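Chemist: Here is my input, please return the structure:
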Amino acid sequence: MLSLGWCAQVGAQGFQGTYYSGTGFGEVLASRVDPSIDFVWSEEEAPEGVPRNNFTVRWLGQINPRYSEPYELIVR
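Modeler: Prediction:
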């Protein structure tokens, strides 16, 4: 079990997501704290002002493992 660390930049639990136009970190369109990173964009709402396609996100935060053992993080 992994828990999300405290995001010091915004003082909240989760990851600070900054959403950009295009696929190359263009203009900043939105910023919010995402409690988890597990989205199906065809079924979920993107932040206001962010199109469903053709955007980039950069998340900042920390993952705090519960146990001292190897973990595997998978990105698809």
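Chemist: make it CA atoms for all contacts and neighbour counts henceforth
Modeler: Fine.
Chemist: Give the bridge partners for residue 60, please.
Modeler: Residue 60 forms beta bridges with residue 16, as assigned by DSSP bridges.
Chemist: I'd say it and residue 15 touch.
Modeler: Yes: with contact defined as CA atoms under 8 Å, residue 60 reaches residue 15; the gap is 5.4 Å.
Chemist: These two: which has the busier surroundings?
Modeler: Higher neighbour count among residue 60 and residue 15: residue 15, with 25 against 15, using other CA atoms under 10 Å.
Chemist: Please give me every residue in contact with the more buried one.
Modeler: Applying CA atoms under 8 Å, 6 or more residues apart in numbering, we find residue 15 in contact with 4, 7, 33-37, 59-62.
Chemist: Which pair in those has the greatest spatial separation?
Modeler: Using CA to CA, the contacts of residue 15 reach their maximum pairwise distance at 7 and 37, which is 13.9 Å.
Chemist: Same drill for those two, tell me which one is more crowded.
Modeler: Neighbour comparison, residue 7 and residue 37: the larger count goes to residue 7, with 16 against 11 (by other CA under 10 Å).
Chemist: list the contacts for residue 46?
Modeler: With contact set as CA under 8 Å, 6+ apart, residue 46 has these partners: residue 52.
Chemist: Just the local confidence number for it, please.
Modeler: Residue 46 carries a pLDDT value of 81.
Chemist: Same question for the one 10 residues further on.
Modeler: Looking at residue 56, its pLDDT stands at 92.
Chemist: ok, now residue 66?
Modeler: Per-residue confidence (pLDDT) for residue 66: 78.
Chemist: Phi first, then psi, for it.
Modeler: The phi/psi pair for residue 66 (degrees, to the nearest 10) reads phi -70, psi -40.
Chemist: Run the chain-centre distance for stretch 28-42.
Modeler: 5 Å (CA atoms, centre = their mean, to the nearest Å).
Chemist: How about stretch 33-46?
Modeler: Stretch 33-46 sits 8 Å away from the centroid of its parent chain (CA atoms, centre = their mean).
Chemist: Going by neighbour count, which residues of that stretch are buried?
Modeler: For stretch 33-46, burial by neighbour count (16 or more other CA atoms under 10 Å) applies to 33-34, 46.
Chemist: Brilliant, that's me finished.
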